[in-house]
Structures are given as C-alpha cells and as structure tokens.
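Chemist: Predicted model and sequence below, questions to follow.
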Amino acid sequence: MMDETITYALTQVAYQIPMFIVWTVCIVLALVFWRHHPKVSLLAMIAAAGLLFVRLVGVIIHIVLSRMMFNDAISHSSMGTIFGIWNVIAIIMNIIFWVLLIFAIFGWRRNITQQ
C-alpha cells in the first residue's frame with residue numbers, strides 16, 4: 001500500500017518536472033541579472049516562484065486527496081468541491097503571476113523616441 005502511494009506521488013511529480021525546471025531556471029536567471037536589472041529581476045523572480053509554488057501545491061493537493069479517497073476518508077463530492085475551489089484559487093494566482101511576468105518583460109521598456 002505504501003509502495004503504491006510513493007509510486008503514485010512520484011508519477012504525479014514526474015509529470016510536472018519540465019515546468020519545475022522552467023520556473024527554477026527563471027529564478028536563477030533573475031538572480032544572475034539582478035545587478036543589471038533589479039526591478040525586472042524581482043518581478044520575474046516573484047512570478048516564477050509563485051508559478052512554481054502554485055504547481056507544487058496543486059500536485060500535493062492532488063496526491064493527498066487521491067490518497068484520502070482511496071482510504072475512504074473523503075467522498076467523491078467533497079473531493080470534487082475541494083478540487084473546484086483549488087482550481088479557482090490556482091487560476092487567480094496564475095493570472096496574477098503571469099501578469100507580473102509580462103510586466104517584467106514589457107513594463108520597463110523605454111520608447112526609442114524618448115532616448
């Protein structure tokens with residue numbers, strides 16, 4: 001039973017590894033370029049860390065709720081409600097972090113005619 005739980009958890013994490021790598025690289029790049037572009041780097045790092053956090057929490061919620069359902073500790077309807085609430089929260093958080101990232105990319109540009 002525990003082996004199945006570990007295998008399931010590792011499988012869920014494995015699906016997310018490409019995104020974990022992308023957001024981690026973004027955080028590292030923000031740190032590397034911090035000295036030259038501190039405001040942009042800060043926004044990019046907050047956005048990447050937030051997106052990484054949302055994805056990690058989503059994986060954890062999925063694993064925990066699936067395990068609880070398997071042990072009959074939670075009903076299907078309760079699980080659906082929790083997933084629905086989490087999805088709304090995750091969507092809102094994703095929008096906020098993507099807006100930060102877009103602002104980091106385009107928000108600090110100077111117009112060529114202003115130079």
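Modeler: Arrived safely.
Chemist: any low-confidence regions in the protein?
Modeler: Flagging of the chain using pLDDT under 70 yields the residue ranges 1-2, 108-115.
Chemist: Do a quick rundown of the strands in this protein.
Modeler: For the chain, no strands are identified by DSSP state E.
Chemist: by contact count, what packs against the longest helix along the chain?
Modeler: Determined from DSSP state H, the single longest helix within the chain is helix 38-70. Secondary-structure packing of helix 38-70 (3 or more CB pairs under 8 Å, 6 or more residues apart in numbering; DSSP states H and E): helix 2-32, helix 76-106. (Each C-beta comes from the backbone N, C-alpha and C, glycine too.)
Chemist: Output those helices in TSV; the columns should cover distance to V54.
Modeler: As requested, the helices and strands packed on helix 38-70 are exported to TSV (distance: least, CB to CB, whole Å):
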stretch	distance to V54
helix 2-32	10
helix 76-106	5
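Chemist: Throw those helices into JSON lines and include mean neighbour count and distance to G58, thanks.
Modeler: Putting those into JSON lines (neighbours: other CB atoms under 10 Å; distance: least, CB to CB, whole Å) gives the following:
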{"stretch": "helix 2-32", "mean neighbour count": "13", "distance to G58": "8"}
{"stretch": "helix 76-106", "mean neighbour count": "13", "distance to G58": "6"}
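Chemist: between those helices, which gets nearest to A47?
Modeler: helix 76-106 (3.9 Å; CB to CB).
Chemist: Next, the angle helix 38-70 makes with that closest one.
Modeler: 170 degrees (axes from the mean of the first three to the mean of the last three CA atoms, to 10 degrees).
Chemist: From the chain's centroid, how far away is helix 76-106?
Modeler: 9 Å (CA atoms, centre = their mean, to the nearest Å).
Chemist: could you say what helices and strands it packs with?
Modeler: Looks like helix 76-106 contacts helix 38-70 (3+ CB pairs under 8 Å, 6+ apart).
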